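*Asks:* Pasting the sequence and the predicted coordinates here, then a few questions.
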Amino acid sequence: MRRGPEGAQARAAWYFLTPALVLIGLFFFLPVGASLLLSVTDFDIYALGNSSLARFVGLRNYSNLVHNPTFWTAIKNTFYFALVGGPLTVAVSLGAALLVNARAIRLRGLFRTIYFTPFVTTLVAIAVVWRYLYHPRYGLLNYLLGHIGIGPIDWLGDPHWAMPAIIVMAIWKNFGYNMLIFIAGLQSIPEELYEAARIDGAGPLRRFRHVTIPQLAPTFLFVGVVTMIGYFQLFAEPYVMTGGGPLRATTSLVLFMYEEGFRWWRMGVAAAIAFVLFGIILLWTLLQMRLQRERA
Amino acid sequence: MLACHPNRDDGITLRFWAMGAEGEQVAQMMPEFEHENPGIHVRVQTMPWSAAHEKLLTSFVGEATPDVAQLGNTWVPEFEAIHALEPLEPYVARSATVKSEAFFRGIWDTNVIADTAFGIPWYVDTRVIFYRRDLLAKAGYDSIPTTWAGWRAAMEAVKRQQGPSRYAIFLPTNEWAQPMILGLQAGSPILKDDGQYGAFSDSAFSRAFDFYLGLFRDGLAPVFGTNDVANVYQEFGRGLFAMWITGPWNVGEMTKRLPPELQRAWATSPLPGPTGAASGVSLAGGSSIVLFRASSHKAAAWKLVEYLSRPEQQLRFSRLTGDLPASVAAWRDSSLSGDPHFRAFYTQLQRVTPLPKVAEVEIISSKLIEASESVIRGHVPPERALASLDRDVNQILEKRRWILSRNAQVTAR
Amino acid sequence: MSITAAEPSVRPHPATSAALARALLYGLLIGGAIVALLPTLWMISASFMATGEANSYPPHFVPHAPTLDHYRALFGRLSLGRYLANSAFIAIVVTVLSLAVNSLAGYALAKLRFKGRDRLFRALALGLVIPVQVSMLPLFLLMKSLHLVNTYWGVIIPGMASIFGIFLIRQYALSIPEDLLDAARVDGASELRIYRSVVLPVIAPILATLAIWTFLATWNDFMWPLIILSDDRRFTLPVALAALSGEHVQDTELMMAGSVVTVLPVLFAFLVLQRYYVAGIMLGSVKE
């Protein structure tokens, strides 16, 4: 270590960092590495009782996954949820942000708080509530839809409607968080840009397209990436509301991983699924960031 | 929890894990046991069935197993495979009250692996037909026929009588019990070669599966899972279906939930079989009580087992929960032998078959649900579904085959 | 989304179009507010309904004869009070400990000069992309070897350091004026002293934000406690609620009461402290 003030700072820095780094290293990065190792073994319930019964199997877990229709269903469901739910959530958040931020209205703080409360609620508790709201016969949603002439839909029992039902709930739960970020983004747009556009004769729609949207580009990127990363990890909603059904329509990758790992104790397989998830998220994030940069 | 026995400081605390309603009720029986056995305190922990399997295995991994637990008897092979359970032969040999002859043979058998008992039957569960006598009578039948052909004819008659918007029988599509029972009745071993390969696409199971599917195809059973029927008792009362294959806990539920005017309208019957009553086997279900190897209070735990196996305690538990006692002697009581609803269960318990005693039976059963749902909802033809199920099952059993061959090599040396 | 798509050539009277616009805005806002609040309000309402009333058709919005029966059952027979205490204990401990750990690390990354700082930052950022589920299985096995399965510490320890928390602190700490720190160093103060007396007061707002955030996140955490806890005496509220919901599917009102108990504390905490929470989110987000 160097002497003098710089040395003192460097020493202090490492003291300050050590607790966090040890915790993160030991309880996050180390298990992640171990997961990679686990994924090339057939560690299962037998191995739990007697670890000599775990065998190295190379890429067999991965190739078995490729041949497992449930795996592809899980991937499809996860992408369905993320690619539909993600943009919709972002759109709703943006809309809410524009509404709350509009100059013409008052009680801005109140509405902002109201829109944020779904995000704060416990997911498991809310999933339980929505499960009852979605009840085909007694649920509030079908009751209200009935008033406008739409027949009762078996939201969580019909394979076609189960994932849309979960998407709607996810949008409701999450839009508040992104809304706040969009509000911050909107408020940081310099007023002069709008003035200049107004002078040029641009109406509200034009101003939105040519000033607001471009200025929000970094916000869009942040919100988009964070939302998608979160949505690829879909788990609690199907776990509580549908158990992954009906007919596997709502089995996400993480739910599939949980089943394989903690219900059937096929931990090698579950670790492989986890790494596939990681790969998807990584690739997607890189793709999203590259696309956004190119557009800018 | 009630106040603890004053001797608790030098005494033993037994941890006893139980599921659902059984857990809630057995706690009431503990004070008397503790009174008889001063120095032993029992702490009962209840958990829902849906999470019990996971929780038990997690506790094993976390080296936090209880001393005693209730275990679904289909889980005994699995927990034995990981050597979590204490072999009970030495205890049984020394016991005056717990003997294999005291219990229904098919039920005792579910706990025996390699000629050693790993669990003691606690209560039994088998499936019989609950049916609307009045609806069956209207269709011209005074009882459930004993052959598959007769049964089917009765169902068709009921359907004709009741009309297109009602059904003869409710077979929840998300349960494995019904297709599994039919397979066992048709003589299928479910798994062959000492549980090493699937036998689902073999002739016996295929035949049973066809019979099962035909009931949906011909509108005799609705394509509903358990979640699709908001209140199954209400629908049974309304006549949406006239038959339902389910277990003993529903005797109490029916009595509680059906209106008084319908109480004489329902009855229970043993299952029909392909060739008549004797082939009408059912599941050897129920729960056993097991001791965990890691426990440091096995002697005290065994005392609890003996206590719960006494015919009078079996009867008392049965009254509290509506479950059926595993001890044959308990059935002599008039509350059971005299109750017409339970008579069908007693008859059926003479004809029960265990599922294959392999560790993977749980996941195989859930694969069966997937395969059967995919056919019922019309996505896949039955032969393909069964072939695919066998492929999945064979893959699942690969580890077992490897371990068995490894053990064989070891003993061969 | 946009207000009125007025055509440039035809302009209605400015005052009425402004009034119309405002009416539309308020309409949308109130409509949105109803949608945002309805599930939560129904949940509260249904928790006071008599058994079976929540499953009636047409659905009731308000209980006909409000009852506390379900709450009594929850806190009596079903021991929800214990789960509430577990959640509170774990959330508080994690919040306090993680605040200490993460703020030290975040400040160090922001303001202390040392070799490898940028590389460390990038390595941690990579960790943000890795979904936490990847670590869960081996973490479980690690906890087993440490005999921490089914313990409070098994839940607390993995939650104690968070890369997100470190980055949030770092972001805020970047704005601490250098001269403030250098002046203290010139005065001979140790780095720890500087941290305690100079830095902490300055980053207090973001610490408040992170504290609330951590408390909320820990309270609401589901998957890891589900995995690590098997003894129901240690269950947190979300895990207990999921277990109850598996067992009592038919008992709507009971489940709603359970949800209320789970949601209301954090909702209340949020409403009281929202100033810090909201400010932090908006702050930590825009510039990356």
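*Replies:* Noted; the coordinates are in hand.
*Asks:* alpha carbons only for contacts and neighbour counts from here, please
*Replies:* Fine.
*Asks:* Just to be sure, B:Phe224 is in a strand?
*Replies:* No: the secondary structure assignment for B:Phe224 gives coil rather than a strand, going by DSSP: H, G, I helix; E, B strand; the rest coil.
*Asks:* Per-residue confidence, the nearest residue to B:Thr65 once chain neighbours are set aside, what does it come out as?
*Replies:* Using C-alpha to C-alpha, 6 or more residues apart in numbering or on different chains and skipping residues adjacent in sequence, the residue nearest B:Thr65 is B:Ser59, 5.1 Å away. According to the prediction, B:Ser59 has pLDDT 83.
*Asks:* and the stretch 1-150 of chain B, which residues reach chain C?
*Replies:* In this structure, the stretch 1-150 of chain B approaches chain C at residues B:20, B:45-51, B:55-56, B:58-59, B:61-64, judged by C-alpha under 8 Å from any C-alpha of the partner chain.
*Asks:* same thing but 7 Å
*Replies:* Residues of the stretch 1-150 of chain B lying close to chain C by C-alpha under 7 Å from any C-alpha of the partner chain are B:Pro48, B:Ser50, B:Lys55, B:Thr58, B:Ser59, B:Val61, B:Gly62.
*Asks:* related to what we said a few turns ago, is it true that the residue nearest to B:Thr65 touches B:Ala69?
*Replies:* No: if you go by C-alpha atoms under 7 Å, B:Ser59 and B:Ala69 don't touch, sitting 11.6 Å apart.
*Asks:* Mind checking which of the two has more residues around it?
*Replies:* Looking at B:Ser59 and B:Ala69 with other C-alpha atoms under 10 Å in any protein chain shown, you find the greater number of neighbours at B:Ala69, namely 23 against 19.
*Asks:* how would you label B:Val44: helix, strand or coil?
*Replies:* Put simply, B:Val44 is strand when judged by three-state DSSP.
*Asks:* May I have the beta-bridge partners of it?
*Replies:* For B:Val44, the residues forming beta bridges with it (DSSP bridges) are B:Phe16.
*Asks:* packing partners for the helix or strand containing A:Thr219?
*Replies:* For A:Thr219, the element it lies in under DSSP states H and E is helix A:217-232. With contacts taken as 3 or more C-alpha pairs under 7 Å, 6 or more residues apart in numbering or on different chains; DSSP states H and E, helix A:217-232 sits against helix A:69-101, helix A:159-187, helix A:267-295.
*Asks:* most packed of those?
*Replies:* Per-stretch averages of neighbours, counted by mean count of other C-alpha atoms under 10 Å in any protein chain shown, single out helix A:159-187 among the helices and strands packed on helix A:217-232, with a mean of 22.
*Asks:* Any idea how far that one is from the middle of the chain?
*Replies:* 10 Å (C-alpha atoms, centre = their mean, to the nearest Å).
*Asks:* Quickly check: it near chain C or not.
*Replies:* Yes: among the residues of helix A:159-187, A:Trp172, A:Leu180, A:Ile181, A:Ala184, A:Gly185 lie within reach of chain C under C-alpha under 7 Å from any C-alpha.
*Asks:* Helices of the stretch 1-150 of chain C, start to end?
*Replies:* Secondary structure of the stretch 1-150 of chain C (DSSP state H, counting those that start in this stretch): helices at C:14-47, C:69-75, C:80-111, C:117-129, C:133-145.
*Asks:* now stretch C:118-129, how far from the chain's geometric center?
*Replies:* The answer for stretch C:118-129 is 23 Å, by C-alpha atoms, centre = their mean.
*Asks:* which other residues reach stretch B:164-172?
*Replies:* Residues outside stretch B:164-172 that contact it (C-alpha atoms under 7 Å, 6 or more residues apart in numbering or on different chains): B:155, B:158-159, B:219-222, B:224-226, B:240-244.
*Asks:* Need the mean per-residue confidence for it.
*Replies:* If you average the pLDDT values across stretch B:164-172, you get 94.
*Asks:* hey, C-alpha coordinates of that stretch in PDB?
*Replies:* In PDB, the C-alpha atoms belonging to stretch B:164-172 read as follows (Å, rounded to 0.1, in the frame of the first residue of the first chain):
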ATOM      1  CA  PRO B 164     -77.300 -32.200 -22.200                       C
ATOM      2  CA  SER B 165     -76.300 -29.500 -19.700                       C
ATOM      3  CA  ARG B 166     -75.700 -32.000 -16.900                       C
ATOM      4  CA  TYR B 167     -73.300 -34.900 -16.400                       C
ATOM      5  CA  ALA B 168     -73.100 -38.300 -15.000                       C
ATOM      6  CA  ILE B 169     -69.800 -38.000 -13.200                       C
ATOM      7  CA  PHE B 170     -67.300 -35.400 -12.100                       C
ATOM      8  CA  LEU B 171     -63.700 -36.500 -12.900                       C
ATOM      9  CA  PRO B 172     -61.500 -33.500 -12.200                       C
END
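*Asks:* Counting neighbours, which bits of it end up buried?
*Replies:* Within stretch B:164-172, the residues scored as buried using 16 or more other C-alpha atoms under 10 Å in any protein chain shown are B:Arg166, B:Tyr167, B:Ala168, B:Ile169, B:Phe170, B:Leu171, B:Pro172.
*Asks:* can you check stretch C:74-93 too?
*Replies:* Using 16+ other C-alpha under 10 Å as the test for burial, stretch C:74-93 gives C:74, C:80, C:82-84, C:86-93.
*Asks:* Let's see it as CSV, backbone CA atoms only.
*Replies:* Extracted as CSV, the C-alpha positions of stretch C:74-93 are listed here (Å, rounded to 0.1, in the frame of the first residue of the first chain):
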residue,chain,number,x,y,z
LEU,C,74,-56.2,-14.9,11.7
PHE,C,75,-54.7,-13.6,14.9
GLY,C,76,-56.1,-16.3,17.0
ARG,C,77,-56.3,-19.7,15.5
LEU,C,78,-53.9,-19.0,12.6
SER,C,79,-51.2,-17.1,14.5
LEU,C,80,-50.9,-14.3,12.0
GLY,C,81,-49.5,-12.0,14.7
ARG,C,82,-46.4,-14.2,14.8
TYR,C,83,-45.9,-13.8,11.1
LEU,C,84,-46.4,-10.1,11.4
ALA,C,85,-43.7,-10.0,14.0
ASN,C,86,-41.4,-12.1,11.9
SER,C,87,-41.8,-9.8,9.0
ALA,C,88,-41.2,-6.7,11.1
PHE,C,89,-38.2,-8.2,12.8
ILE,C,90,-36.5,-9.3,9.6
ALA,C,91,-37.3,-6.1,7.7
ILE,C,92,-36.0,-3.9,10.4
VAL,C,93,-32.8,-5.9,10.9
